[in-house]
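S.K.: For reference, the sequence and a predicted model appear below.
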Amino acid sequence: MRRHARIEELVSALGIAEVIALADYATEDATWVPALLEACKHPKPRNRKAAWVLHHIFLRHPRFIEPNVKQLIEALDASEDGSVHRELLKVIVEVNLNEADWMKYSSMLFDLGVGILFDVDQTKGMHYIAMRLVDRFVKSEKDRLEAVKAIRQMLSDCYNGEQPICHAAEGAIKRIEKRNLPAPKV
């Protein structure tokens, strides 16, 4: 893939006004989103700024991101940068998935969320995102038990009594415990 000319604009000192302008550029150029997804896979600072712009494209123009769930996940897998992971996961946890993408990726995204919750070296921001992942992608009684266990373990290991993450965790647990899930197959 040839490098997009506007990738050079993804610099360290990029401000929010520039990010919004770059996000809005997706409405003019169909090659912009794929170029940003590719940039996420490469070294900083452009990877981080590309992920930030993608997040803002999603917030402002989700129709340009929703068909690219597979590419978002590929960029997430290819990147070794925690900042890129955080921005892409903010999109993935909210993006509308078609039925085929739900079937293909929901278990993997649930497992990713559980893994992040059990990882004591993750940042608080990633733990918040992980709670949202497991909350969104829980789809069985087994998942429900695993999600609640992972959230409680994260609280115990990292945030004993610390607010507001304890409040957010308790809210996630309540939503997960109340969720109507399909009856287990006998």
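M.R.: Sure, I can see it. Residues are numbered from 1 along each chain as shown.
S.K.: Pretty sure residue 97 sits against residue 68.
M.R.: No - using Cβ atoms under 8 Å, residue 97 is not in contact with residue 68, being 11.4 Å away. For every residue, glycine as well, the C-beta is placed using N, CA and C.
S.K.: what about this structure, any weak spots by pLDDT?
M.R.: Applying pLDDT under 70 to the chain flags the ranges 1-2, 183-186.
S.K.: tell me the contacts of the residue most central in space within it?
M.R.: By Cα atoms, centre = their mean, the mean C-alpha position of the chain lies nearest to residue 89, the distance being 1.0 Å. Counting by Cβ atoms under 8 Å, 6 or more residues apart in numbering, residue 89 touches 76, 126, 129, 133.
S.K.: before we move on, the earlier item: which one's more surrounded, residue 97 and residue 68?
M.R.: Comparing residue 97 with residue 68 by other Cβ atoms under 10 Å, the one with more neighbours is residue 68, at 20 against 17.
S.K.: pretty sure the more buried one is in contact with residue 33, am I right?
M.R.: Yes - with contact defined as Cβ under 8 Å, residue 68 counts as touching residue 33 (6.2 Å).
S.K.: With residue 143 as the reference, measure out to residue 82.
M.R.: Distance, residue 82 to residue 143, by Cβ to Cβ, to the nearest Å: 25 Å.
S.K.: Tell me how many other residues crowd residue 50.
M.R.: 28.
S.K.: in which helix or strand would I find it?
M.R.: helix 46-60 (DSSP states H and E).
S.K.: Residue 155 too?
M.R.: Here residue 155 is assigned to helix 141-158, by DSSP H and E.
S.K.: could you give the angle of the helix or strand that comes right after that helix to helix 141-158?
M.R.: The element immediately downstream of helix 141-158 (helix or strand, assigned by DSSP H and E) is helix 165-178. With axes from the mean of the first three to the mean of the last three Cα atoms, to 10 degrees as the basis, helix 165-178 and helix 141-158 are set at 170 degrees to each other.
S.K.: which helix of the chain spans the most residues?
M.R.: helix 99-118 (DSSP state H).
S.K.: Run the chain-centre distance for that one.
M.R.: Chain-centre distance of helix 99-118: 11 Å, with Cα atoms, centre = their mean, to the nearest Å.
S.K.: So which residues make contact with it?
M.R.: 69-70, 73, 92, 97, 122, 126-127, 129-134, 136-139, 143, 146-147, 150-151, 153-154.
S.K.: Please narrow those to those residing in helices.
M.R.: Per DSSP H, the contacts of helix 99-118 map to helices at 69-70, 73, 92, 126-127, 129-134, 136-137, 143, 146-147, 150-151, 153-154.
S.K.: Buried ones in the longest helix of the chain, by neighbour count?
M.R.: Using 16 or more other Cβ atoms under 10 Å as the test for burial, helix 99-118 gives 101, 105-106, 109-110, 112-114, 116-118.
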